[in-house]
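Visitor: got a structure for you, letters missing:
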């Protein structure tokens, strides 16, 4: 037996790279982070507490319990939402956080921009003027138009959905009463 062939049989077979298993729900390249997901869930909870013309303040501990989210993370997310004018805080015994405007006036695009930044699948398609020169291929790129269409499609959907759409007010259940006489024959 040739010495080289003996080495070949003792060498382990090359390993194929294992498929990465994601521990989160996103499956594609275009996704929102937990900032966006948790922030929207928090805003929906605040929208559910809208009572006519005003909203009832709620503590972040209560929102965290209702949504099974980490309170410390919600404390970080509330900051950009306040800065964007989407939520307001009230101090005191009955204090907490509440929506700054009616839920029907707050779009998901506005909320996600406050939490995530510009809504763009690629930096070259960003609406943010600060990103205008981020891509060296700007002006010569053959797919930039595609990314802009994707951005506009995502933005269009998010602009069409408001917090009011995601947090409908519960309706009182109507009780159907059987008002037929006891001796009536069912129809």
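Guide: Cool, got the structure. Every value quoted in this text rests on a predicted model; they were computed, and no experiment measured them.

Visitor: Residue 148: how many residues sit nearby?
Guide: 17 (other CB atoms under 10 Å). To be clear about C-beta, it is placed using only N, CA and C from the backbone, and glycine gets the same treatment.

Visitor: List the buried residues of the helix or strand that contains it.
Guide: Assigned by DSSP states H and E, residue 148 belongs to helix 144-160. Buried residues in helix 144-160, counting neighbours by 16 or more other CB atoms under 10 Å, are found at 144, 147, 148, 150, 151, 154, 155, 158.

Visitor: so which of those comes closest to residue 125?
Guide: Comparing those against residue 125 with CB to CB places residue 147 closest, at 3.7 Å.

Visitor: just checking, residue 36 touches residue 112?
Guide: Yes - the pair residue 36 / residue 112 is scored as a contact, 5.2 Å apart, by CB atoms under 8 Å.

Visitor: circling back to that earlier point, can you name every helix or strand that the next helix or strand after the helix holding residue 148 contacts?
Guide: Using DSSP H and E, the next helix or strand after helix 144-160 towards the C-terminus is helix 163-166. Applying 3 or more CB pairs under 8 Å, 6 or more residues apart in numbering; DSSP states H and E, one finds that helix 163-166 makes contact with helix 34-48, helix 108-116.
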